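1. Here is the input, now give the coordinates:
(one chain, ligands or ions: 2)
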Amino acid sequence: MLSDEIYQQLAALVGDKKITREATELSYWGKDSTSLIANAAAIIFPQNIEQLQAVVQLANREKIALVPSAGRTGLSGGAVAAQGELVVSLRDMNSIKQFNAVDRTVVCEAGVITADLQAYAEQQGLYYPVDFASSGSSLIGGNISTNAGGIKVLKYGMTRQWVAGLKVVTGAGDILDMNKSLLKNNTGYDLQQLLIGAEGTLGFIAEATMRLTRSPENLTVLLLAVPSLSALLQVLAHFQAGMELTAFEFFSEQALQKVTTQLQLQRPCDEVGQYYTLIEFEAKDEAIVDQAMALFEQCLEQGIALDGVMSQSQAQYQSLWRLREEISSVLAQWQPFKHDLSVPPSQQGEFLLEVEKIISELAPQYQVIWYGHIGDGNVHLNILKPDELNKTDFDLSCKLLSEEIFKHLASYQGSVSAEHGIGLLKKDYLHYSRSDLEIALMKGIKQQFDPNGIMNPGKIFS
Ligand code: 2HG
Ligand code: ZN
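-> Ligands and ions are numbered 1, 2, ... in the order given. Below is the predicted model of the structure:
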């Protein structure tokens, strides 16, 4: 915990109004979207990179542990101050500084909201393609620190792909300016890449140059009901062979039921599938729409799709997407135990069935909901808490289940966290996805960037 003297020194760096240790503020700012409990010493809001650097330098002198905080939408506990750390929020460093139409890049501070960057890109006639349900509150710095993925990874990749340059305050308190905006720069180790996905364990991302791209034309979705998982994967192969897709998402009948019931939405089609897929593409011209319809009809003929609907308007496009995007927030009331897994799409069929078998044998009373970005190999598994169990007992039993699931995942060389990061919640399972040598090298890298171990201690590994 911070002494009064250090607190006053911090206040002198940023101003009295930009630091607080008021209890309600601490519990709000001290955590992310997980159910972990915040135990923060104080929360500080630097206004610029010089103030941020001064805070990190003071923290090094006084050995104060820091938790970088962005939009606090994380699901792995990466931004939770669980051990009396000082939370450093980059919320106020939120200006979009410079746009370059020729390079198609924009320089923004870490606190820019993802949706604001998307809107800014649109004003320039361009597009920032990394997108997810929490884009209205997540911040670019957090997106970069977690290498956020989302619903359009199939076509556009993850956040990493859109970072052209970074300006960082390292854990040692140095400003590392790699904000170069070069597409080609083969001059040795790419240090910038180390910061992307480092979950704030190496330093603070203060500013980034983000790439923009051409705006997609007339995005359209086709929602199909499918009879089984193997049919779903055949639909994926069929569409990918036939046309370019911007997204291929899926969710189970149980997920659809929860969303339509809770939000009082219409079911999308008459037939009931075991799963549904949302296939998104750019309907640039009639020929593409005809091609999508032809592929859909072939799926019906082959019995790998049961029914479907194609969006005919922007409103219908949005209402179909809503069925997928609302799942996570609708499920929150069941306090689910979450997994964010990836195995190659070709292995998904076998993998999901084996996970279901593990759960039905070890915990048959648990309801399992599958959804996610199956087109890129990333599935979300939410295990719902039965009413009669308390959360602690439920989480404990799910941890035992998880070991079995992860042993199985490791045999596919899958990932224990496809897009949500490791944070606090997944660190016990890191070894299922990364070798001892990899973990040792990661620790060595941390030592270089953060010699006093003040940056987000205990996240990713202990
Ligand atoms: C999504 O794809 C998010 O909806 C959240 O990554 C997943 O809450 C989850 O498990
Ligand atoms: Zn997701």
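2. which residue ranges form the strands in the stretch 51-200 of the chain?
-> Listed in chain order, the strands found in the stretch 51-200 of the chain under DSSP state E, counting those that start in this stretch are 66-69, 86-89, 96-100, 105-109, 126-127, 163-170, 175-178.
3. excluding its backbone neighbours, what's nearest the closest residue to ligand 1 within the stretch 351-462 of the chain?
-> As assessed by Cβ to the nearest ligand atom, ligand 1 sits closest to residue 380 within the stretch 351-462 of the chain, at 4.0 Å. Glycine gets a C-beta too; all of them are placed from N, C-alpha and C. Closest residue to residue 380 apart from its sequence neighbours, by Cβ to Cβ, 6 or more residues apart in numbering: residue 372 at 4.0 Å.
4. My reading is that the one you found lies in a strand. Confirm?
-> Yes. Remark: residue 372 belongs to a strand, assigned using DSSP: H, G, I helix; E, B strand; the rest coil.
5. Show me which residues of the stretch 251-400 of the chain sit near ligand 1.
-> When proximity is defined by Cβ under 6 Å from any ligand atom, the stretch 251-400 of the chain lies next to ligand 1 at 328, 338, 372, 380, 382.
6. from the residues you listed, which two are the most distant?
-> 338 and 372 (10.9 Å; Cβ to Cβ).
7. residues in contact with whichever residue of the stretch 151-300 of the chain sits closest to ligand 1?
-> Using Cβ to the nearest ligand atom, the closest approach of the stretch 151-300 of the chain to ligand 1 is made by residue 151 at 6.8 Å. For residue 151, the set of contacting residues under the criterion of Cβ atoms under 8 Å, 6 or more residues apart in numbering consists of 131, 132, 247, 249, 324, 325, 373.
8. Including pLDDT, could those residues go into a markdown table?
-> Formatted as a markdown table, the entries for the contacts of residue 151 read as follows, by pLDDT from 0 to 100:
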| residue | pLDDT |
| --- | --- |
| 131 | 95 |
| 132 | 93 |
| 247 | 98 |
| 249 | 98 |
| 324 | 98 |
| 325 | 97 |
| 373 | 97 |
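9. Hmm, residue 98 is touching residue 124, no?
-> No. Proximity of residue 98 to residue 124 does not meet the contact threshold set by Cβ atoms under 8 Å, at 11.8 Å.
10. Of those two, give the one with the bigger neighbour count.
-> Summary of the neighbour comparison: residue 98 and residue 124, criterion other Cβ atoms under 10 Å, with residue 124 having more neighbours (15 against 11).
11. Test my guess that that one contacts residue 100.
-> No. Counting by Cβ under 8 Å, residue 124 stays clear of residue 100, with 9.9 Å between them.
12. Find residues that contact each of the two.
-> Between them, residue 124 and residue 100 share these contacting residues under Cβ under 8 Å, 6+ apart: residue 106.
13. returning to what we had before: phi first, then psi, for the residue of the stretch 151-300 of the chain closest to ligand 1.
-> Geometry field for residue 151 lists phi and psi as phi -90, psi -10, criterion degrees, to the nearest 10.
14. That one and residue 67, how far apart?
-> 28 Å (Cβ to Cβ, to the nearest Å).
15. Give me the nearest residue to residue 400, chain neighbours excluded.
-> Of all residues not flanking residue 400 in the chain, residue 362 sits nearest, at 7.5 Å (Cβ to Cβ, 6+ apart).
16. Just list the residues touching the closest residue to residue 2 other than its chain neighbours, thanks.
-> Setting aside the residues directly before and after it, residue 2 is nearest to residue 41 in space (Cβ to Cβ, 6+ apart), at 4.6 Å. By Cβ under 8 Å, 6+ apart, the residues touching residue 41 are 1, 2, 21, 26, 81, 84, 85, 86.
17. Now with 10 Å, please.
-> Taking Cβ atoms under 10 Å, 6 or more residues apart in numbering as the criterion, residue 41 is in contact with 1-3, 6-7, 21, 26, 30, 64-65, 67, 81, 83-87.
18. Please list only the buried members of these.
-> Buried residues within the contacts of residue 41, counting neighbours by 16 or more other Cβ atoms under 10 Å: 2, 6, 7, 26, 30, 64, 65, 67, 81, 85, 86, 87.
19. The spatially closest residue to the fourth one that is not a sequence neighbour and ligand 1, how far apart?
-> Excluding the flanking residues, the one nearest residue 26 by Cβ to Cβ, 6+ apart is residue 40, at 4.6 Å. In this structure, residue 40 and ligand 1 are 24 Å apart, going by Cβ to the nearest ligand atom, to the nearest Å.
20. Residue 40 and residue 1, how far apart?
-> As judged by Cβ to Cβ, residue 40 and residue 1 stand 10 Å apart.
21. and if you look at residue 174?
-> Using Cβ to Cβ, residue 174 is found at 27 Å from residue 1.
22. And for residue 172?
-> The gap separating residue 172 from residue 1 is 23 Å, by Cβ to Cβ.
23. hang on, residue 389 packs against residue 397?
-> Yes. At 7.9 Å, residue 389 and residue 397 qualify as touching, with contact defined as Cβ atoms under 10 Å.
24. So which bits of whichever helix in the chain runs longest are buried?
-> Counting by DSSP state H, the longest helix found in the chain is helix 391-411. Neighbour-count burial for helix 391-411 flags 394, 395, 397, 398, 401, 402, 405, 406, 408, 409 (criterion: 16+ other Cβ under 10 Å).
25. of all of the stretch 101-250 of the chain, which residue lies closest to ligand 1?
-> When distances are taken as Cβ to the nearest ligand atom, the stretch 101-250 of the chain approaches ligand 1 most closely through residue 133, which lies 5.3 Å from it.
26. OK, contacts around that residue?
-> Residues in contact with residue 133, defined by Cβ under 10 Å, 6+ apart, are 73, 150, 151, 321, 322, 324, 325, 326, 327, 328, 329.
27. Just the buried ones from those, in ChimeraX syntax?
-> Per 16+ other Cβ under 10 Å, the buried members of the contacts of residue 133 correspond to this ChimeraX selection:
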select :73,150,151,321,324,325,326,327,328
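28. Report the mean per-residue pLDDT for stretch 85-92.
-> Regarding stretch 85-92, the rounded mean pLDDT is 98.
29. so how far is it off the chain centroid?
-> Per Cα atoms, centre = their mean, to the nearest Å, the displacement of stretch 85-92 from the mean C-alpha position of its chain is 20 Å.
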